[in-house]
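Undergrad: predicted model follows, preceded by the sequence.
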Amino acid sequence: MGLIRVLFLCTGNSARSQMAEAFLRKYAGDRFEVYSAGLEPQEIHPLTIQVMEEIGFDMSQHTSKPLSQFLGRLHFGYIITVCSRAAEKCPIFPGMGTRLSRPFDDPASYEGTPGEKLDKFREVRDAINRKIINWVDNLV
């Protein structure tokens, strides 16, 4: 039996879902095949790359992907929405397992000085990290 597939889904696939994908791969890549996608994919936000590099994650191989890339092609054991908009708009599709909603603030839409924006990305990164660790620990 193969690894359980997990898809993290958000609107742009530029920040939150990318972070969640990286964290789950690190903590449980031996148990899960991990993907991320967006309803309206955009370039990965430069601050996503920066704050993940601060804690040792190389995001250079990450790309933003549309949900349509996976619809009807792969079975996912878990689909985890990391924003409320994706939770509302995510279609039901064949091969979908457990659907979870774990919304986080969108750091890319945060208004503030460059330093405040960077702090918001760090805050969201750390919240996602804690949530992923907790989820993995509770699956055991």
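TA: Received the coordinates, thanks.
Undergrad: what segments of the protein are helices?
TA: 16-28, 46-54, 84-89, 114-139 (DSSP state H).
Undergrad: adding mean pLDDT and distance to Lys65, write the ones you listed out as JSON lines.
TA: C-beta: built from backbone N, CA, C; applies to glycine. Shown next, in JSON lines, are the helices of the chain (pLDDT from 0 to 100; distance: least, C-beta to C-beta, whole Å):
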{"stretch": "helix 16-28", "mean pLDDT": "97", "distance to Lys65": "9"}
{"stretch": "helix 46-54", "mean pLDDT": "97", "distance to Lys65": "14"}
{"stretch": "helix 84-89", "mean pLDDT": "63", "distance to Lys65": "13"}
{"stretch": "helix 114-139", "mean pLDDT": "96", "distance to Lys65": "18"}
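Undergrad: of these, flag the one that's most buried.
TA: Highest mean neighbour count among these (mean count of other C-beta atoms under 10 Å): helix 16-28, with a mean of 24.
Undergrad: ok, back up a step: to Ser68, which of the helices of the chain lies closest?
TA: helix 84-89 (13.0 Å; C-beta to C-beta).
Undergrad: got a list of what the residue nearest the centre of the chain touches?
TA: Centre of the chain computed as the mean C-alpha position; nearest residue by C-alpha atoms, centre = their mean is Ser17, 1.7 Å away. Shown in contact with Ser17 (C-beta atoms under 8 Å, 6 or more residues apart in numbering): 8-10, 36-38, 82.
Undergrad: now it: how far from Glu116?
TA: Per C-beta to C-beta, to the nearest Å, Ser17 is found 23 Å from Glu116.
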